Structure formats: structure tokens, C-alpha cells
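# when you get a sec, could you give me coordinates for this:
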Amino acid sequence: MRAPRRLAAIVVLALPVACAATDPPQRPAPAEAPAAIASGPAPPGPAPRPAPACPETLAGAGAWPWPEDFAKVVPSKPGALGHLEQRWSGRPARLRFLGAHLFDLLGKLLHEGGGGDAERRRVACAALDAVARAGAPVVRLWGFLKATGSPDEVRAASDMLALLLDENARRERPLRFVVTLVNHQAGYGAPDPSRSLDDQDPKSPWHARQLYLGGGWKARGIGSLAERIEAFAARPEIAESKEIIGWELVNELDTFRSVAAGALAGGEAEALEREFLIPALGRLAARFPQPVLVGDLRGHAASYIEFARSLLAALPAEVRGRLVWTGHVYAPKVASAKDPALGRATWKLDKDLAIAAEHGIPFLLGEIGQHVPGGSARFCGGGAAHDLPQLFGAVLEGRPEIEAALFWGEGLCRLEIPGSDGAWVSIGAGGDSADIGPEEAAAREALRAERGKARFRAD
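Alright, predicted model coming up:
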């Protein structure tokens, strides 16, 4: 804190006015009494920001400076993509990034963080700093624990998210977050996390059909999406976080099995829009000031664009004005860049880009990853090597409009926790063939090089 400054009064005397020789001498007019000056110490400034729970990497780190306001959607004229923007260092910056995933971070903090806030902060700090060292300024994570379905889980997830955001706010260069609120797919985030929403109890509000068409998303007492939104909105450290740059409704909302057989047309598709997407996005936008996302929406190609047009036309202007369109792309590793499998992997990406450009809204490539055909499922272990230059060439080259993306498969395996006497934790490792192994130095270097390109540098 700076020492109090004492103010000195400066009295300015009026000087004699030049007079004619015949005039009698003039005295200077008496100076006016100076106004009263406050004395005593200056009021204290803001308390210094607490230090993070581990040493912060600054040199060469990918994180951005402190944000001065919330991220916002900057629309474009139809025919071009809008973009995300946030103010720091006294000026607005366009948010360009190739970020990372720590999807299970909240669960790791709760169950493997050591049991107390001090220990959990060290885990959070180590994870955030590792991502920054890898050159990624943005992290996408699940806003829920592995097994959901109760108000207790929602409260625990709220506690962990609040702790993470507070620890992040202690950094000189805090990361930004995209927080996903429901996961459709198997493996994480359902009453039975081993099964997708399509395979939950058909009578449960968590079954895909009940959640999307039967109002399950707003049921009470089951840890529903609506309850999660309200719980997060009630915590100022979450709802008012300038480090959250997007709230995403659903990870990979799949309509093939439970909603309209994937047709995205007809009565059930209309009900999906009317009963879930429009009111849930409206609830999200009403409770938070940050941008909102639907998430990757999956259905047949024939009706995909028409469904998206219908949804965007039906959204209230205040929601559409903060909407970021999203898609995911996984391309196979192939023997040649001319393999038609690469083209088949990107058909939906091109439709998503067309939808966003048609409406002048931003686009986020929420997951970009490479599957290795025949690669076995693994968790932080060796496996078939990835060819990330091939992936980036197939997906990003020729699509210069993509300037915001998140790489899937960059798990933090055996991340050592500073100050914890040898403890470690693995975070963000999904255990499928898209995960690059800890031994794949070439893949990680290719990822860092891609992050350093101009298309992904904020300005």
C-alpha cells in the first residue's frame, strides 16, 4: 500500500495591475483565504489480491491480462461471422484462441483435492498453471460432478466452481472459462454416469426424452439444469465472474435416439425447440451477463440448417444478441490428406459455419480432436501416435474464419501438486483414442505451434 500523501496548500497572490503615472500607488488586493483542506491519512485503497496457491508461470504463458468487463458478442453483418470481445489494458481485445479441456476439474477438486480448501487450491492452481504454460488462455469444463441427480451434487459443484474461480482470480494472468451445464453423452454427469441420457431410467426426468420434451430440465429436487442455473446465479463469485466467457447448455445434444429419430423436423423437433432450447437459453441469459451457447447439436444433415434457422428466428432478441454458435469436429488419422474420410468428418462444421455466418454471430469450435482408427481406449497411457498437423490442416486450413477453438485430448497426466509432498492428480484425460499420450512430445509441440499462429492470437 502506498504511504499517505500530505497535501500542501498553495496560495497565489494577486499581482499589482499596471497603472498610469498619475494614479496613487496601489496595494495588492488581499489574498482570499484558502479553502479548508482535509487533513489526516488518505482512505485505504483496495486490499491487495491474495497470492495464488502455487508459483505462477508468466514468461511465455498463454493466459491473457486481467479483464475489465464481461466478454461480449460483437455481431457482424449477415454473411460473416461475429466475434467475442473483452476489454483489458484499457482497450477492447478480440478473443481468438485455441484452448484446452479440463472437463472433470470440479470432480477432481472435490474427490482428489485433499479434503480442505488449502489443498484444493493447490490442485486448482497447478492445473491452471499447466494449461497456461501450454499456451491455452481458455479452458472448457463441466459445471457438474461425475454422478449427478441431487441438490447436494449441485451445491458441491457450486462450491468447487466458486473455489476455482477465486483461485484463478488470484493470478496476474487469469484464464477464461467456458462452463457446460449438462452432458448428454456417457461417462460423466448423469445419475448413472456410465450411460448416456438416452439410457437413463425412462421414467426419470434425466432421461433424454423427459429432459428435452417433458420438462425434466426444470424439475425440482433432482439436481436439474434449472436448479444448477439458479444455484450458480445465487453465488456472486460465479454469476459475476468476468473470467467466464460462455455458458453452454448441453455437451453434444444427440437427437438420434430419443427425439424425432434425429430428423430435426416435425412435431418432436418443434417440441425440442419450444419445450427446451428456447426457455432454457432464455433462463440462462436472464440469470447471467456472459455469452450463452446451445452446444453441439446432433441430427441428420438434411434438416439441420432449417432447424437452426427456426431456432434462431424464435429466440428473443436479448438471447440471440448474446448467442455463440457451436460445433465439434473429430477427424480420423489417415494415410493421406486426400483420404475422403477427412471430408466426411467436416460436413457438419461447414454447416455450422454457414449458420453462424448467415446470422452474423460468433462461432466456437467447441471440440477439435483426432481419432486414431483401431486405437484402444486408454487413460494416460501409451497408444498410437497422433498426427496433429494433419488434423489442423484438414479442419483449419481453408477455413480462416475459425478463430476460436478448444482442443480435446490434452490431458494433464500425473500432474504434480506443488507444496504437497509428492502428491499428483490426472485431470482432463478422457481415455479414448483422441487423447494424446503424455509421451507424445511431437504432438504437444504441434499443438503449441498452432496456438501461436496469428489466427489464434487475441488482439
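
# rest of the way, CA atoms for contacts and neighbours
Will do.

# endpoints of stretch 58-76, how far apart?
34 Å (CA to CA, to the nearest Å).

# do the same with stretch 216-236
End residues of stretch 216-236 are separated by 26 Å (CA to CA).

# surely residue 214 touches residue 274?
No - the pair residue 214 and residue 274 fails to qualify as a contact (CA atoms under 8 Å) at a distance of 10.9 Å.

# and for residue 454, the neighbour number?
Residue 454: 12 surrounding residues under other CA atoms under 10 Å.

# tell me the helix or strand right after the strand or helix carrying residue 350.
Assessed by DSSP states H and E, residue 350 sits inside helix 347-359. Counting by DSSP H and E, the next helix or strand C-terminal to helix 347-359 is strand 363-371.

# that next one: partners in the sheet, and parallel or antiparallel?
According to DSSP bridges, strand 363-371 forms sheet pairs with strand 323-332 (parallel), strand 404-407 (parallel).

# quick one, phi psi at residue 99?
phi -90, psi -160 (degrees, to the nearest 10).

# and if you look at the one 10 residues further on?
Summarising the backbone geometry of residue 109 under the convention degrees, to the nearest 10, its torsions are phi -60, psi -40.

# how near is it to residue 119?
Distance, residue 109 to residue 119, using CA to CA: 9 Å.

# which residue lies nearest the spatial centre of this protein?
Note on the chain: the residue nearest the mean C-alpha position is residue 178, at 1.6 Å, using CA atoms, centre = their mean.

# what does it show for phi and psi?
Main-chain torsions, residue 178, degrees, to the nearest 10: phi -110, psi 120.

# report the contact partners of it.
Contact analysis of residue 178 by CA atoms under 8 Å, 6 or more residues apart in numbering lists 138-141, 244-248.

# now swap in residue 101 and tell me
Going by CA under 8 Å, 6+ apart, residue 101 touches 139-141, 406-411, 428.

# repeat the analysis, applying 7 Å as the threshold.
139-141, 406-408, 428 (CA atoms under 7 Å, 6 or more residues apart in numbering).

# among the residues you listed, which are in helices?
Of the contacts of residue 101, none are assigned to helices by DSSP state H.

# top of those by neighbour count?
When neighbours are counted by other CA under 10 Å, residue 140 leads these with 28 neighbours.

# quick check, pLDDT for that residue.
Predicted confidence (pLDDT) for residue 140: 98.

# cool, and residue 23?
41.

# check the one 4 residues further on too.
pLDDT recorded at residue 27 is 40.

# circling back: out of the contacts of residue 178, who's nearest residue 331?
residue 140 (20.0 Å; CA to CA).

# that closest one pairs with what?
What pairs with residue 140, by the bridge criterion (DSSP bridges), is residue 101, residue 178.

# for residue 131, see how far away it is.
Distance of residue 140 to residue 131, computed by CA to CA: 11 Å.

# thinking again about what came up before, looking at the strands paired with strand 363-371, which is closest to residue 149?
strand 323-332 (26.1 Å).

# and after the closest one, which helix or strand comes next?
For strand 323-332, the following helix or strand on the C-terminal side (DSSP H and E) is helix 340-345.

# give me the low-pLDDT residue ranges for the stretch 251-400 of the chain?
377 (pLDDT under 70).

# isn't residue 188 up against residue 148?
No - using CA atoms under 7 Å, residue 188 makes no contact with residue 148, being 8.6 Å away.

# for residue 426, which non-adjacent residue is spatially closest?
Take residue 426 and drop its neighbours on the chain: the residue closest to it by CA to CA, 6 or more residues apart in numbering is residue 413, 4.4 Å away.

# for the host helix or strand of the one you found, give the mean pLDDT please.
For residue 413, the element it lies in under DSSP H and E is strand 412-416. The average of the pLDDT scores along strand 412-416 is 96.

# in that strand, which residues are buried?
412-413, 415-416 (16 or more other CA atoms under 10 Å).

# okay, now residue 310: neighbour count?
12.

# between strand 323-332 and the host helix or strand of it, find me the angle.
Here residue 310 sits within helix 301-314, counting by DSSP H and E. Here the directions of helix 301-314 and strand 323-332 differ by 160 degrees (axes from the mean of the first three to the mean of the last three CA atoms, to 10 degrees).

# beyond helix 301-314, next helix or strand please.
Once the chain leaves helix 301-314, the next helix or strand it forms, by DSSP H and E, is helix 317-320.

# with just CA atoms, put that next one into CSV.
Extracted C-alpha coordinates of helix 317-320, given in CSV (Å, rounded to 0.1, in the frame of the first residue of the first chain):
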residue,chain,number,x,y,z
ALA,A,317,-33.5,-10.7,-29.4
GLU,A,318,-31.9,-10.3,-26.0
VAL,A,319,-30.9,-14.0,-26.1
ARG,A,320,-29.8,-14.1,-29.8
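
# so for it, what gets flagged as buried?
319-320.

# outside of it itself, list whatever touches it.
Applying CA under 7 Å, 6+ apart, the external contacts of helix 317-320 come out as 282, 285, 312.

# out of those residues, which are buried?
Buried members of these, counted by 16+ other CA under 10 Å: 282, 285, 312.

# picking that back up, how about the strands paired with strand 363-371, which one is nearest residue 86?
strand 404-407 (13.7 Å).

# report the contact partners of residue 253.
With contacts defined as CA under 7 Å, 6+ apart, residue 253 is in contact with 184, 296-298.

# residue ranges for the helices of the protein, please.
Counting by DSSP H, the helices of the chain are 105-112, 117-133, 151-169, 208-213, 225-233, 236-239, 267-271, 278-287, 301-314, 317-320, 340-345, 347-359, 388-395, 441-451.

# so which of these gets nearest residue 380?
Proximity to residue 380 (CA to CA) singles out helix 441-451 among the helices of the chain, at 13.8 Å.

# angle of the closest one against helix 117-133?
Helix 441-451 and helix 117-133 meet at an angle of 80 degrees, taking the same axes, to 10 degrees as the criterion.

# what's the mean pLDDT across helix 441-451?
Here the average pLDDT along helix 441-451 is 97.

# for that helix, name the packing helices and strands.
Packing partners of helix 441-451 (3 or more CA pairs under 7 Å, 6 or more residues apart in numbering; DSSP states H and E): helix 388-395.

# contacts for the helix it packs on?
Helix 388-395 is contacted from outside by 331, 337, 342, 346, 370, 443, 446, using CA under 7 Å, 6+ apart.

# look at the fourth one and say how many residues are nearby.
To tie it back to what came earlier, the one meant is residue 346. Neighbours of residue 346 (other CA under 10 Å): 17.

# show me what contacts it?
Per CA under 7 Å, 6+ apart, neighbours of residue 346: 329, 395.

# gap between it and residue 134?
Relative to residue 134, and taking CA to CA, residue 346 is found at 26 Å.

# then the third one?
With distances taken as CA to CA, residue 342 is found 27 Å from residue 134.

# for residue 117, which non-adjacent residue is closest in space?
residue 163 is the one closest to residue 117 (CA to CA, 6+ apart), at 7.9 Å.

# OK, contacts around residue 375?
383-384, 433.

# so how do I select the buried members of those in PyMOL?
The buried subset of the contacts of residue 375, as determined by 16+ other CA under 10 Å, is captured in PyMOL by this line:
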select buried, resi 383+384+433
